[in-house]
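Next comes the sequence, and after it the predicted model I'd like to discuss.
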Amino acid sequence: MASTTASTRVAIVDLPARAPTDWASAAMQRRIARRYSAERNFRWLGMGALLLAAAFLVFLLFTIVRDGWTGFISTEVKLEVFYDPAVLKLDPAALAAAADPAARRALLRQAEFPELMLQTAEQLGPYDTVVSEGAWVDLRDRLEANPGLLGNRETIAVPVRSQIDLLAKGKYDLAEPALTRGVSDRDVAVWRALEGRGLLTTGFNRIFLSTADSTVPELAGVWGAALGSLLTLIVTISFAFPVGVLAAIWLEEFAPKNRWTDIIEVSINNLAAVPSIIFGLLGLAVFLNIFGMPRSAPLVGGLTLALMTLPVVVISARVAVKAVPPSIREAALGVGASPIQVVFQHVLPLALPGILTGTIIGIARALGETAPLLLIGMRAFVVDTPQGFTAPATVLPVQVFLWSDDVARGFVEKTSAAILVLMVILVLMNSFAIYFRNRFERRW
Amino acid sequence: MSYPANADQSAPKMTARGVNVFYGTKQAIKNVSLDVRTDEVTAFIGPSGCGKSTFLRCFNRMNDTVDSARVEGAIKLDETDIYAPSMDVVQLRARVGMVFQKPNPFPKSIYENIAYGPRIHGLASGKTEMDAIVEGSLRRAGLWDEVKDRLSESGTAMSGGQQQRLCIARAIAVDPEVILMDEPCSALDPIATARIEELIDDLRGRYAIIIVTHNMQQAARVSQKTAFFHLGSMVEYGDTSMIFTNPSEGRTKDYITGRYG
């Protein structure tokens, strides 16, 4: 500083006399050895921790894949169907006259397909309980796609009951006594007989990836839940991202630093740590009870999850905005950019990769969230794929939760298979986001 | 853009009268008055923390971005009070450009770095005009021959000295009347520093230039007027030749002879 003028001199202090340091002494060598062993041990500990974590992950993935991969295949039985107008109580002339697909569909809805299925299944002899109780829908779909089949015969494969399906996949230990193995002697005999006649085929499960929930495992699918998750996430992202980013920008770039903004800041940080089920209660109280929004709808689920994700987005966006060097702001201000231009043309583009990283974390958490959605009714049993943002729907993690709760043995593999679908979607979403983040990344 | 006062070289371009700057309750600048002319380079020298950068930032109201900063007194650009409520800060900063201590090009292409200012102020109507502005600014900053073949490359990929000249070209591109330079060479090596100093000399007469510097030889080389600051006060202000050969104040003499600072 200016006050320390040339007249100030550093006083030289005499150090007390002492013997020269012996760097090769035994004590010194021991100290060095201890230091090296401490470093070695630390490295082993770190590697051990990593290996343990990796082992847990591998074990988790292994068990899920082991239990779940059979969910993607299914067993079907070959049947010869005669689309008998008499059994269906369907007038061929009326069907031929219905040129309009909607009219044709309405006509087919009234036809007696369950009865046709029952009669068709009789060809399996005493084993007429083999066919899934919902298999008649297949017959209706075939006829709807091709009305010319009415009055004709064709051989098709229809899904079998879950017990037979599981037997065909070898899910039961047949050496166990009948009481504990979970499947009756009769079902085992049926399966053996059909297998012997070569009527059973095992292949890709087209139902699982294309339908929604069902009471019977062989007809249950994840598509409805996946679509519900997608709709919910669209609502979550389109609410949480813009609101979160704008809030972060205002707090970071424009807000005065006073008691009120301090309170807001502390509140946002605390909100990020609130248990998610509380947000479910909030959604129930506000969206359903005050605003009267529809129950079980992706709109409400998405808004609830957006409230939960918002603090994470705000916090990460603030960090990213703060990390943009002030020199960039000064440069832009220096050539006469207005504050808004500085933010949107310089700060935001540079902060975007960081903002996206935080948003990915928030959205990934929202995708895997179950608890708050249970409270706003998204655990409802929904057999149709959701038709829109206000239609009843469920989401993948809730579907997993519902299936894991089901007593039917066939849902065990469905549960694991749904977890696999959820994880694949998560990985896809994250890779997509990381790709975008890297594309926007700029160095300065 | 041309302003009537540009023609009159004798009248000061900017005047500061009785300027006080406070950061909260702490006074950083105490009652400073001086004139800045277009045909001269004015240097601010003084030890660290003496307030010379703070004072420089009053001339384009960059202190507005600091919440606790408060400026009193009058600073005029061509007889217009720049702290008057009617003054548009965005326009002021286009007319009073600034070059910072650390080269701070935008992480965009060289072309975009130059074109950004003219674009936001609507100074070019079309690609041809913009190209002309970019070329002219880079030429004036002595950078054109080095970068004309790589205008689309990132401005941050250049050397430090080139980056700083790019920042000068960026300031020139909006056709300012005054250029403020805040220790523009402190992050540069001696060769790059020499090039910037030549450039400052070339720009004199076209723009009023104020340069803050720690390097007294630099002040002696590039400036015609020097102001010496100490503890927030302007101790001495006068012709550079006088300040460096025959200062009237003891503190000035102590500083320029290296007794403190």
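Looks like it came in fine.

I'd say residue B:66 and residue B:23 touch.
Yes: using C-beta atoms under 8 Å, residue B:66 makes contact with residue B:23 at a distance of 7.2 Å. For glycine as for every other residue, the C-beta is placed from the backbone atoms N, C-alpha and C.

if you count what's nearby, which of these two comes out ahead?
Neighbour comparison, residue B:66 and residue B:23: the larger count goes to residue B:23, with 15 against 12 (by other C-beta atoms under 10 Å in any protein chain shown).

Skipping adjacent residues, who's closest to that one in space?
In this structure, residue B:23 finds its nearest non-sequential neighbour in residue B:68, 5.2 Å apart by C-beta to C-beta, 6 or more residues apart in numbering or on different chains.

try residue B:69
residue B:63 (4.2 Å).

Report pLDDT for that neighbour.
With respect to pLDDT, residue B:63 scores 88.

I'd guessed it sits against residue B:20; true?
No: using C-beta under 8 Å as the test, residue B:63 is too far from residue B:20 to be in contact (11.9 Å).

if I pick residue A:372, what's in contact with it?
A:276, A:277, A:279, A:280, A:281, A:283, A:304, A:305, A:308 (C-beta atoms under 8 Å, 6 or more residues apart in numbering or on different chains).

in the helix or strand that contains it, what's buried?
Per DSSP states H and E: residue A:372 is located in helix A:371-375. Of the residues in helix A:371-375, A:371, A:372, A:373, A:374, A:375 count as buried by neighbour count, 16 or more other C-beta atoms under 10 Å in any protein chain shown.

Can you name the next helix or strand after it?
helix A:396-404.

Let's see that next one as CSV, backbone CA atoms only.
Extracted C-alpha coordinates of helix A:396-404, given in CSV (Å, rounded to 0.1, in the frame of the first residue of the first chain):
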residue,chain,number,x,y,z
LEU,A,396,-44.3,-46.3,-15.4
PRO,A,397,-43.1,-46.3,-11.8
VAL,A,398,-46.7,-46.4,-10.5
GLN,A,399,-47.4,-49.3,-12.9
VAL,A,400,-44.3,-51.1,-11.5
PHE,A,401,-45.7,-50.4,-8.0
LEU,A,402,-49.1,-51.7,-8.8
TRP,A,403,-47.8,-54.9,-10.5
SER,A,404,-45.4,-55.6,-7.7
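
elements contacting that helix?
helix A:223-249, helix A:371-375, helix A:411-440 (3 or more C-beta pairs under 8 Å, 6 or more residues apart in numbering or on different chains; DSSP states H and E).

shared neighbours, residue B:63 and residue B:20?
residue B:71.

and the top helix by length along chain A with helix A:411-440, angle?
Across chain A, the helix with the greatest residue count (assigned by DSSP state H) is helix A:26-68. Helix A:26-68 and helix A:411-440 are oriented at 120 degrees to each other (axes from the mean of the first three to the mean of the last three C-alpha atoms, to 10 degrees).

Which strands or helices does helix A:26-68 pack on?
helix A:411-440.

and the helix it packs on, average pLDDT?
On average, helix A:411-440 scores 88.

And the contacts of stretch A:342-350?
A:245, A:249, A:253, A:321, A:324, A:328-329, A:331-333, A:337, A:440, A:442, A:444, B:106-107, B:116.

Selection in PyMOL covering whichever of the residues you listed are buried, please.
Applying 16+ other C-beta under 10 Å to the contacts of stretch A:342-350 leaves a buried subset, and the PyMOL line that selects it is:
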select buried, (chain A and resi 245+249+253+321+324+328+329+331+332+333+337) or (chain B and resi 106+107+116)
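
After the helix or strand bottoming out on mean pLDDT in chain A, heading C-terminal, what element do we hit next?
Averaged element by element with mean pLDDT, DSSP states H and E, chain A has its least confident helix or strand at helix A:178-181 (a mean of 78). Once helix A:178-181 ends, the next helix or strand along the chain (criterion: DSSP H and E) is helix A:185-197.

rewinding a little: so what's the gap between the least confident helix or strand of chain A and the chain middle?
Taking C-alpha atoms, centre = their mean, to the nearest Å, the mean C-alpha location of helix A:178-181 is offset from the chain mean by 35 Å.

for stretch A:264-280, same thing?
Counting by C-alpha atoms, centre = their mean, stretch A:264-280 comes out at 22 Å from the chain centroid.

what number of residues lie near residue 24?
Since no chain was named, I'll use chain A. Residue A:24: 7 neighbours (other C-beta under 10 Å).

ah, no, chain B please
Neighbours around residue B:24, by other C-beta under 10 Å: 10.

Enumerate every residue touching residue A:139.
A:81, A:83, A:113, A:116, A:117, A:120, A:156, A:158.
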